[in-house]
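Engineer: sequence first, then the predicted structure, then my questions.
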Amino acid sequence: MHEADLIIIGAGPAGMAAAHTAAGTGLSVLLLDEQQRAGGQIYRDIERSSKTRGELLGKDYIAGLDLANGLNHKLISHIRGATVWQIEDARLVTFTVNGKATQATGKRLLIATGALERPMPVPGWTLPGVMTAGAAQILLKQSGIVCQRAVLVGTGPLLYLIAAQMVRAGSPPLALVETQTYNNRAFAMRHVIGALRGLRYFVKGLGLLAEIRRAGIKRYTGAADICIEGHNRAETVHFTSRGREHRIEAANILLHHGVVPNTQVTHSIGVIHYWNEQQRCFIPRRDDWGRTNLHDVFVAGDGSGIGGAKSAELSGRLAALEIACDLDAIGNGDRDLQATPLRTALSGEMAVRPFIDRAYPPFEGSLLPADSTIICRCEEVTAGDIRRHAKLGCLGPNQTKAFSRSGMGPCQGRFCGLTVTELLAQANHSTQEETGYYRIRPPLKPVSLGELATLADTETKEAAK
Amino acid sequence: MKTDSEFCLIDETSHRVTVRFEGQELNLREGENLAAELLAMGVAPFRRTPVSGAPRNPFCMMGACFDCLVEIDGATRQACMVEVTENMEITMPSVNENSDA
């Protein structure tokens, strides 16, 4: 049994920053992360890759190295390859490392589990050769592998970053198929003045677009009716753009229309979530320190609402300060003094979000897919199936499980949950908030009987002491 | 290396070891992400779905989607959460022919 003042789940920017700040106040920290190396997805494998691929990935990526180095602190215990699968009473955390299950207790829990790619169901999205754009970027960051003959499909600044990185890696994408429209941009312009506080992001975005243009990559905007076809693997992507039909032959189709909080852990322990209409996802309810309705449980980073890596780092530090204050490691005055510059920086970071959210809204054709489109990848349930369940009286996502097994495969609804909520809300003329989300239960990831047996073994040994 | 891969390596970082996927010998970079290495070798599909037998390959590369499930030395694992070690025996997860789905 491990013990710590603070248990943090997730070693991305929020978790790494929180660990460093908390340890700095004298708290003992147990940092659990599923990956073998710190960084989360945004700084994936930063300690190894910044040396060899740093130039290609850009200086915003290299910035993560300081956070990873900050984990070298005698009060921080970072357990690598730790898969958390159950949390009880907000303080008892069960996880598996190398096939062995073990447990930890903490006085406070910080959930920093980051974001997932927003599911982008389109016809053919289950074919080999179709991945999330984030997956392609992970291949590049962690393994130095670049997708060839690729088409980026969807919307958002991440597509530009990945396209530019692929150009630098010598394998530019064939095309960018973007779903946002001129109307989206016109609407977003109302928020441009406020967003100018995030000028750095505009400069970066324009730089990336210039790189894409110089590389001669074709951009299609206002894309709709997106469909991927192929025999046994993706071969072509079809779409319409400004009234014309297009068809591109490609080997890799990379999908992205924003990221959403990964709420598996928070949902599983009874944290209250609310529906964010702008970002079209559920977000844990929290105060401005990150404290949830469960007194001892905090959330930080993209898992507490999408804000990006810098915001995640700042929100992680804020949560750590409040936790340190809770546990009498620092006083209220010290907490507030240290928090003030963090809050100023956070508000600057968030200033650009209203513009981005409106300029690059999720693709409507994937929020409410056509009947024949698979929405639950694991159990191969279609959007039409869910609509039929609604007609038969199915009111909530949990009932769809009984009707069709949607959300009951190994991914446990991570890639269909939001779509099911949207489809049921529309079919039942209800709101997404009223419709709700799947009930998430432990184990959060599949656990083998062998792992459970090691847990019993550990408990027996400890009881015998 | 197979020539039908739709991926290319931009740097060679570690030495290669032999593993087997469905009986076929592959030389993968030791200690690297298994799903990435199999993709780079042109492996497709990684598995077939229990519902319809449809082919699947990695989709999210971050341990969330479970589309990269393979059997490694008899245990079902997410290939994207495993590092390459020598002599790994990798197969597609067995699909129950009598599935009630």
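Structural biologist: Perfect, thanks for sending it.

Engineer: within range of chain A, give me the residues from chain B.
Structural biologist: Applying C-beta under 8 Å from any C-beta of the partner chain, one finds that chain B approaches chain A through B:6-11, B:13, B:32-33, B:36-37, B:39-40, B:44-46, B:49, B:51-52, B:54-67, B:69, B:75-76, B:81, B:83, B:101. For glycine as for every other residue, the C-beta is placed from the backbone atoms N, C-alpha and C.

Engineer: how about residue B:73, nearest residue that isn't a chain neighbour?
Structural biologist: residue B:89 (5.3 Å; C-beta to C-beta, 6 or more residues apart in numbering or on different chains).

Engineer: check contacts around the one you found.
Structural biologist: Residue B:89 sits next to B:19-20, B:72-73 when contact means C-beta atoms under 8 Å, 6 or more residues apart in numbering or on different chains.

Engineer: please repeat the previous calculation with a cut-off of 10 Å.
Structural biologist: B:19-23, B:71-74 (C-beta atoms under 10 Å, 6 or more residues apart in numbering or on different chains).

Engineer: ok so, going back, buried subset of the residues of chain B next to chain A?
Structural biologist: B:6-7, B:9-10, B:13, B:32-33, B:36-37, B:39-40, B:44-46, B:49, B:51, B:54-67, B:69, B:81 (16 or more other C-beta atoms under 10 Å in any protein chain shown).

Engineer: looking at the contacts of residue B:89, which one is closest to residue A:424?
Structural biologist: Of all the contacts of residue B:89, residue B:71 has the smallest distance to residue A:424: 35.4 Å, by C-beta to C-beta.

Engineer: and the helix or strand hosting residue A:162, C-alpha only, in PDB?
Structural biologist: Using DSSP states H and E, residue A:162 sits within helix A:157-168. What follows is helix A:157-168, C-alpha atoms only, in PDB (Å, rounded to 0.1, in the frame of the first residue of the first chain):
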ATOM      1  CA  PRO A 157      -5.700  24.600 -35.200                       C
ATOM      2  CA  LEU A 158      -4.300  21.100 -34.400                       C
ATOM      3  CA  LEU A 159      -4.700  20.200 -38.100                       C
ATOM      4  CA  TYR A 160      -2.500  23.000 -39.100                       C
ATOM      5  CA  LEU A 161       0.200  22.100 -36.500                       C
ATOM      6  CA  ILE A 162       0.200  18.500 -37.700                       C
ATOM      7  CA  ALA A 163       0.300  19.400 -41.300                       C
ATOM      8  CA  ALA A 164       3.200  21.700 -40.700                       C
ATOM      9  CA  GLN A 165       5.100  19.100 -38.700                       C
ATOM     10  CA  MET A 166       4.500  16.600 -41.600                       C
ATOM     11  CA  VAL A 167       5.900  19.100 -44.000                       C
ATOM     12  CA  ARG A 168       9.000  19.500 -41.900                       C
END
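
Engineer: just confirm yes or no for the helix or strand following that helix near chain B.
Structural biologist: Using DSSP H and E, the helix or strand that follows helix A:157-168 in sequence is strand A:175-178. No: judged by C-beta under 10 Å from any C-beta of the partner chain, strand A:175-178 stays clear of chain B, getting no closer than 15.8 Å.

Engineer: list the residues that contact the residue lying closest to residue A:285 once chain neighbours are set aside.
Structural biologist: Nearest residue to residue A:285 in three dimensions, chain neighbours excluded: residue A:272, at 4.5 Å (C-beta to C-beta, 6+ apart). Shown in contact with residue A:272 (C-beta under 10 Å, 6+ apart): A:266, A:284-286, A:292-294.

Engineer: out of those residues, who's the most crowded?
Structural biologist: residue A:266 (27 neighbours; other C-beta atoms under 10 Å in any protein chain shown).

Engineer: mind checking the SS state of it?
Structural biologist: Assigned by DSSP: H, G, I helix; E, B strand; the rest coil, the conformation of residue A:266 is helix.

Engineer: quick check: it vs residue A:297, distance?
Structural biologist: As judged by C-beta to C-beta, to the nearest Å, residue A:266 and residue A:297 stand 8 Å apart.

Engineer: which neighbours do those two share?
Structural biologist: Residues touching both residue A:266 and residue A:297 (C-beta under 10 Å, 6+ apart): A:87, A:111, A:284, A:286.

Engineer: got CSV for the residues you listed, with pLDDT too?
Structural biologist: Shown next, in CSV, are those (pLDDT from 0 to 100):
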residue, pLDDT
A:87, 97
A:111, 98
A:284, 98
A:286, 98
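
Engineer: quick one: strands adjacent to the helix or strand of chain B with the lowest mean pLDDT?
Structural biologist: Least confident element among the helices and strands of chain B, by mean pLDDT, DSSP states H and E: strand B:7-9 (a mean of 92). Here strand B:7-9 has these sheet partners by DSSP bridges: strand A:145-147 (antiparallel).

Engineer: and the residue in the stretch 251-400 of chain A that chain B sits nearest to, its phi and psi?
Structural biologist: Here the residue of the stretch 251-400 of chain A nearest chain B is residue A:251; by C-beta to the nearest C-beta that distance is 3.7 Å. Here is the backbone geometry of residue A:251 (degrees, to the nearest 10): phi -100, psi -30.
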